[in-house]
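1. Here is my input; please provide its structure:
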Amino acid sequence: MPDLLWDDVKVLFDPEVSGALPDVVVEGTTVEDWQAVLDLVRAQGWQYAYSVGGEPMELSSVADMVAAAYGGGMPELRVTPELRVWPIPEVLMIFRMYQTESIDFDVNLGELQGQERLDVLVDVFHAIGRRLGKPVWMSAEGSPGHPDLVFDVEADRVVLAFDPGV
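-> The predicted model follows:
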């Protein structure tokens, strides 16, 4: 049985209601957690592409991302590294290193329509949440602090963070 049923959550995946790119975050992270996510992406065999300031680059370790994100100690050189991940070819997730203390990524609601695609998202939340031992939160675009979905570590499942019928 899936964690979530499409008919119960489809309102959360309506771009007109939730915005096109909901925010996904894992809070309280470290450089090691970022490395664990990169290792997970590679271990799962998910396709990925790395860029800094829009320029494609090779990514050998998260240390490369940190150096770019923090400008090598020179704030004027800061850029936001992006790791584009495709758990399946039709679904793109964009991880952005704004800071090491949280793992932030976007998903495109247009790519997440129907039970099959919802299950892909849930599987990614499971993989990341289990690997890090931390909750993975999804909220409507620009609505941090008001999550819609969460990977609950103790329950080991993705759950609704509120009643969508309210």
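
2. buried ones in stretch 116-130?
-> By 16 or more other CB atoms under 10 Å, the buried positions in stretch 116-130 come out as 117-129. For every residue, glycine as well, the C-beta is placed using N, CA and C.

3. Flag the helix or strand of this structure with the lowest per-element mean pLDDT.
-> For the chain, counting by mean pLDDT, DSSP states H and E, helix 15-18 ranks last in confidence among helices and strands (a mean of 77).

4. Show me what that helix is packed up against.
-> Packing contacts for helix 15-18, counted by 3 or more CB pairs under 8 Å, 6 or more residues apart in numbering; DSSP states H and E, involve no helix or strand.

5. which of the buried residues of stretch 116-130 lies closest to residue 99?
-> Lowest distance from residue 99 to these (CB to CB) belongs to residue 128, with 17.1 Å.

6. State the three-state secondary structure for that closest one.
-> At residue 128, secondary structure determined by DSSP: H, G, I helix; E, B strand; the rest coil is helix.

7. What score does it have for pLDDT?
-> Listed pLDDT for residue 128 reads 98.

8. so it makes contact with residue 151?
-> Yes: using CB atoms under 8 Å, residue 128 is in contact with residue 151, at 7.4 Å.

9. Go ahead and measure how far the least confident helix or strand of the chain is from the middle of the chain.
-> Remark: helix 15-18 is offset 18 Å from the chain centroid, using CA atoms, centre = their mean, to the nearest Å.

10. And the contacts of the top strand by length along the chain?
-> Looking across the chain with DSSP state E, the single longest strand is strand 81-88. The contact list for strand 81-88 (CB atoms under 8 Å, 6 or more residues apart in numbering) reads 38, 41, 44, 46-52, 59, 64-65, 68-69, 92-97, 105, 120, 123-124.

11. This completes my enquiry, with thanks.
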